[in-house]
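Asker: Here's a sequence, model it:
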Amino acid sequence: MKPISKVEGRAYPWGAKNVDTDVIISAQWLKTISRRGLGKGAFESLRAQPGNIFDDPRYAGAPILIAGDNFGCGSSREHAAWALADMGIEAVLAPSFSDIFSGNAFKNGILTVTLPQPAIDRLIEVTKNHEIIVDLETMTVTSNLGDVFPFAIDAFRRQCLLQGLDEIGLTLSMESAIDDHEHMTAQDRPWLSAA
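Answerer: Numbering: from 1, shown residues only. Below you'll find the predicted structure:
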């Protein structure tokens, strides 16, 4: 997982509420265990509509999505986070998230930022013409128009995202302690060790 300290650029100023994981990635895309290529299926039902925000050239390649309340509700499919990541989304801003989606996003290196509805409304207007910066180190979302919106994030999640540590990376960062424990166990309880 790549470290995140700042995500800056254009944002999809969407703001839709109660977007469930089936809207993010429909069931027909769940037949794969690969994370690659799922970005093509992200928001497929919305992209079928002419003039949709996700195919608007003004926001092409935007690393930030601004959504409405209860983003990621519905089923627990991790493919939703995979699809957003494959689409290039590094941060999602919303007034609230489904707990399961937020956990899946974190485990896949996507920063979920909870902001009050007035801040979301303002950012939707700002990002129609301007870039924004989501700064994980200072825990702020800012614009070049002078907007500054602080946000809170769990300290453990923040540290993992800043260091680019997913569950495997976190475990590997403790490799020497694990080796020490295994060595001590082999000496203290040899019957547990393979001969």
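
Asker: Report the residue spans of this protein with pLDDT below the cut-off.
Answerer: Applying pLDDT under 70 to the chain picks out residues 194-195.

Asker: Who does the closest residue to residue 151 other than its chain neighbours form a beta bridge with?
Answerer: The shortest distance from residue 151 to any residue other than its chain neighbours is 4.9 Å, reached at residue 113 (C-beta to C-beta, 6 or more residues apart in numbering). In this view, the C-beta of every residue, glycine as well, is placed from N, C-alpha and C. The residues listed as beta-bridge partners of residue 113 by DSSP bridges are residue 93.

Asker: who's in contact with whichever helix in the chain runs longest?
Answerer: Counting residues, the longest helix in the chain under DSSP state H turns out to be helix 175-188. Helix 175-188 is contacted by residues 171, 192, 193 when judged by C-beta atoms under 8 Å, 6 or more residues apart in numbering.

Asker: residues near the second one, how many?
Answerer: Neighbourhood size, residue 192 [other C-beta atoms under 10 Å]: 9.

Asker: now residue 53: how far from residue 10?
Answerer: 11 Å (C-beta to C-beta, to the nearest Å).

Asker: Which residues are in contact with each of the two?
Answerer: Shared contacts of residue 53 and residue 10, counting by C-beta under 8 Å, 6+ apart, come down to residue 59.

Asker: residue contacts, residue 112?
Answerer: Per C-beta under 8 Å, 6+ apart, neighbours of residue 112: 91, 92, 94, 97, 101, 102, 105, 106.

Asker: could you redo the residues you listed as TSV and give each row neighbour count?
Answerer: Written out in TSV, the entries for those read as follows (neighbours: other C-beta atoms under 10 Å):
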residue	neighbour count
91	26
92	27
94	26
97	21
101	29
102	21
105	25
106	21
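
Asker: ok, those vs residue 6, which is closest?
Answerer: Compare each of the contacts of residue 112 with residue 6 using C-beta to C-beta and the shortest gap goes to residue 91, at 9.5 Å.

Asker: Contacts made by stretch 91-99 with the rest, please.
Answerer: By C-beta under 8 Å, 6+ apart, the surrounding residues in contact with stretch 91-99 are 4, 7, 11, 21, 63-74, 84, 105, 110-117, 120, 123, 134, 141.

Asker: Quick check on the residue nearest the centre of the chain: phi, psi?
Answerer: Computing the C-alpha centroid of the chain and ranking residues by C-alpha atoms, centre = their mean puts residue 110 first, at 2.0 Å. Summarising the backbone geometry of residue 110 under the convention degrees, to the nearest 10, its torsions are phi -110, psi 130.

Asker: quick one: contacts for it?
Answerer: By C-beta under 8 Å, 6+ apart, the residues touching residue 110 are 81, 84, 85, 89, 90, 91, 92.

Asker: What is the most widely separated pair among the residues you listed?
Answerer: 81 and 91 (12.4 Å).
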